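A.B. asks: the sequence isn't on hand, but the structure is:
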């Protein structure tokens, strides 16, 4: 145990408006896996669930370097993504990949440095 | 698809310093499950992985209402938690529970309203 300041990595909260594949759990899983790969992250586990009546998808990619998640609301054209990566992996690389593939019309990214004080 | 503003829920980024159970994957899974329950959230799936040589735990709880994750660095006494909940669930209730059970000496919480514009 220590109180030394520690900065494990960067956490991005990413809001996508009017992107693609919001109801396709298998496609989103493949895309998030690929996003992890582009950033050099190692996937430990994934779990993706479609909600009934095409009410969106909730999914998670657990990484050795932390995680990527996505939760979609197709009726609002909205996807809430977060990417937390530590070590040498750059979450901005994964974010850029997701933006290219999901093609939202608008993106808002909030960046937080975890443990940053 | 729509450009109408949409606010699905609140996302908390929570940094714990010098809390308990940082190397106990089974205990952390039970604690995060209980935290979800206290907030009235429904667990869809969990996945928790201990790293070799007591180098910490990475885990997530996928919820019908989004997710809770934890990543720990015991050598730094550090845990990075995030809680994203939508609908009627209050992530602050789960955060308070985690603070009580994990008993960190210091806590920093960053709150983000997803889709908030």
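C.D. replies: That came through, no problem. Since this is a predicted model, take the numbers as computed values, not measurements.

A.B. asks: where are the low-confidence patches of chain A?
C.D. replies: Along chain A, the model assigns pLDDT under 70 to residues A:1-4, A:116-117.

A.B. asks: which residues of it fall in helices?
C.D. replies: With helices called from DSSP state H, chain A shows them at A:25-38, A:91-102.

A.B. asks: in JSON lines: those helices, plus distance to chain B.
C.D. replies: From N, CA and C alone the C-beta is placed, and that goes for glycine too. Below are these laid out as JSON lines (distance: least, C-beta to the nearest C-beta, whole Å):
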{"stretch": "helix A:25-38", "distance to chain B": "12"}
{"stretch": "helix A:91-102", "distance to chain B": "13"}
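
A.B. asks: reformat those as JSON lines; add mean neighbour count.
C.D. replies: Formatted as JSON lines, the helices of chain A follow (neighbours: other C-beta atoms under 10 Å in any protein chain shown):
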{"stretch": "helix A:25-38", "mean neighbour count": "19"}
{"stretch": "helix A:91-102", "mean neighbour count": "20"}
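
A.B. asks: can you redo those helices as a markdown table with distance to residue B:54?
C.D. replies: Formatted as a markdown table, the helices of chain A follow (distance: least, C-beta to C-beta, whole Å):
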| stretch | distance to residue B:54 |
| --- | --- |
| helix A:25-38 | 25 |
| helix A:91-102 | 26 |
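
A.B. asks: tally of neighbours for residue A:11?
C.D. replies: Per other C-beta atoms under 10 Å in any protein chain shown, the neighbour tally for residue A:11 reads 25.

A.B. asks: residues contacting the nearest residue to residue A:31 once chain neighbours are set aside?
C.D. replies: Excluding its sequence neighbours, the residue lying closest to residue A:31 (C-beta to C-beta, 6 or more residues apart in numbering or on different chains) is residue A:101, at 5.3 Å. If you count contacts by C-beta atoms under 8 Å, 6 or more residues apart in numbering or on different chains, residue A:101 has them with A:20, A:31, A:34-35.

A.B. asks: just to revisit the earlier point, can you say which of the helices of chain A is nearest to residue B:24?
C.D. replies: Closest of the helices of chain A to residue B:24 is helix A:25-38, at 26.1 Å (criterion: C-beta to C-beta).

A.B. asks: next, the angle from the closest one to helix A:91-102.
C.D. replies: Angle, helix A:25-38 to helix A:91-102, by axes from the mean of the first three to the mean of the last three C-alpha atoms, to 10 degrees: 140 degrees.

A.B. asks: residues in contact with residue A:58?
C.D. replies: A:48-49, A:51, A:70-72, B:44, B:62-64, B:66-67.

A.B. asks: include distance to residue B:5 and neighbour count when you put the residues you listed into TSV, please.
C.D. replies: As requested, these are arranged in TSV below (distance: C-beta to C-beta, whole Å; neighbours: other C-beta atoms under 10 Å in any protein chain shown):
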residue	distance to residue B:5	neighbour count
A:48	27	21
A:49	26	15
A:51	22	17
A:70	20	30
A:71	17	25
A:72	17	28
B:44	27	19
B:62	26	25
B:63	24	27
B:64	23	16
B:66	19	28
B:67	23	28
